[in-house]
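have a look; sequence and predicted model below, questions after that.
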Amino acid sequence: MAVSKEIQESRIAWAKSDAARDAGLLEPRNIKAFRNVWYADDKDKAHQLDIYSPVSGGDTLPILISIHGGGWFYGDKELYRHYCMHLAQLGFVVVNCNYRLAPEHAYPAAIADVCRVVRWTLENRKYYTQNKHWFMVGDSAGAQLVSQYCILAGNAAYRKQLDFDTCDQLPDGVALNCGVYDMSLKNDQIDNYTHDTNAKQKQLLKQALTYMNTSFPPAYLMTSVNDGLRPCTMPMKKKLETLEIPFVFAEYGEGMPSDGHVFHLNLYSENGKRCNQAEADFLHGLIQE
């Protein structure tokens, strides 16, 4: 599918905004990085990831796989390196990955790549940590991808109907930030993501929340009161409540209108840093339980 002028313009505008957000940030010296690691054999740069860990003691820390946002059509690991290194400073070995983007690669390319990342990470973790615990974090479209991954990993009947290679390994916990979880909504970005998807697979994506069961991991579910997508968080909140899955629901941004959608990526935001610390504490707390 040809990339529309609207998407091209959005990619340029969002990249400019992200660059302004991160202006002046330096990579921390106490974090080591393994860069541009292939998690698939096709030499497509969409199938590269970075691994960040503290210089000292990283081999004892749990893994945190980060799935970036961007409406399924924008973003890459380079735009998330400062955020992910920040998470590594909070006590994780962080996997920061690329995945194939729409419209060049329609659904299920992105979620298939997330499954690949998980499989690669768990098969190769002995090379960078001895800790058996692992978690996932995602924002916006990345939060949807994390949630769908956990739904399919925890439901064999759902996996069986999907026409891509899946994975049945569930993380110990997740952090879901400013996400969209009900994929049956009428939305231009969802339409762009599924433009070339067959009817059955598109319907299974729309129905993903209905396949969510009690195997879904404990979750930190976050939004901002200033986020236009805040209502999109509520279907996941309701589902977590109905299934009685342990979760924390947090809303940020009261009195801080600049802390809107995915504000937690802004390392100059006090709310952002507070949110990231709260999520790290939540995930670390799951290990101690």
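On my side now, so go ahead.

need the contact list for Ile31.
Shown in contact with Ile31 (CB atoms under 8 Å, 6 or more residues apart in numbering): Tyr52, Ser53, Pro54, Val55, Met85, Ala88, Gln89. No exception for glycine: its C-beta is placed from N, CA and C like everyone else's.

let's see that with 6 Å instead.
Tyr52, Met85, Ala88 (CB atoms under 6 Å, 6 or more residues apart in numbering).

top of those residues by neighbour count?
Neighbours here mean other CB atoms under 10 Å. Within those, the largest count is held by Tyr52, at 27 neighbours.

now it: closest residue in space, sequence neighbours ignored.
Computed as CB to CB, 6 or more residues apart in numbering, the closest residue to Tyr52 that is not its neighbour in sequence is Ala88, at 4.1 Å.

wait, isn't the one you found in contact with Ile51?
No - contact criterion CB atoms under 6 Å: Ala88 and Ile51 do not qualify, at 9.0 Å.

now Gly142: how far from Ala157?
Per CB to CB, to the nearest Å, Gly142 is found 25 Å from Ala157.

neighbour count winner among the two?
Neighbour totals were compared for Gly142 and Ala157, and Gly142 leads with 28 against 8 (other CB under 10 Å).

residues contacting that one?
Each residue near Gly142 by CB under 6 Å, 6+ apart is listed here: Ile67, His68, Gly69.

of these, closest to Trp120?
Nearest to Trp120 among the contacts of Gly142 is Ile67, at 13.7 Å by CB to CB.

what about the helices in the stretch 151-289 of the chain?
156-161, 188-193, 199-206, 234-242, 270-288 (DSSP state H, counting those that start in this stretch).

most tightly surrounded among the ones you listed?
A comparison of the helices of the stretch 151-289 of the chain by mean neighbour count, using mean count of other CB atoms under 10 Å, puts helix 188-193 on top with a mean of 19.

show me the contact partners of that one.
Counting by CB under 6 Å, 6+ apart, Gly71, Trp72, Phe73, Ala102, Pro103, Tyr107, Met183 sit against helix 188-193.

so where's the chain shaky on pLDDT?
1, 289 (pLDDT under 70).

circling back to that earlier point, now do the SS call for the residue nearest to Tyr52.
helix (DSSP: H, G, I helix; E, B strand; the rest coil).

before we move on, what about Asp42?
coil.

am I right that Phe34 is in a helix?
No - secondary structure of Phe34 (three-state DSSP): strand, not part of a helix.

surely it meets Tyr52?
No - look at Phe34 against Tyr52 with CB under 6 Å: they stay out of range, at 8.0 Å.

could you dump the contacts of Gly142 into a markdown table with neighbour count and distance to Gly260 added?
Output for the contacts of Gly142, formatted as a markdown table (neighbours: other CB atoms under 10 Å; distance: CB to CB, whole Å):
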| residue | neighbour count | distance to Gly260 |
| --- | --- | --- |
| Ile67 | 30 | 20 |
| His68 | 26 | 17 |
| Gly69 | 24 | 13 |
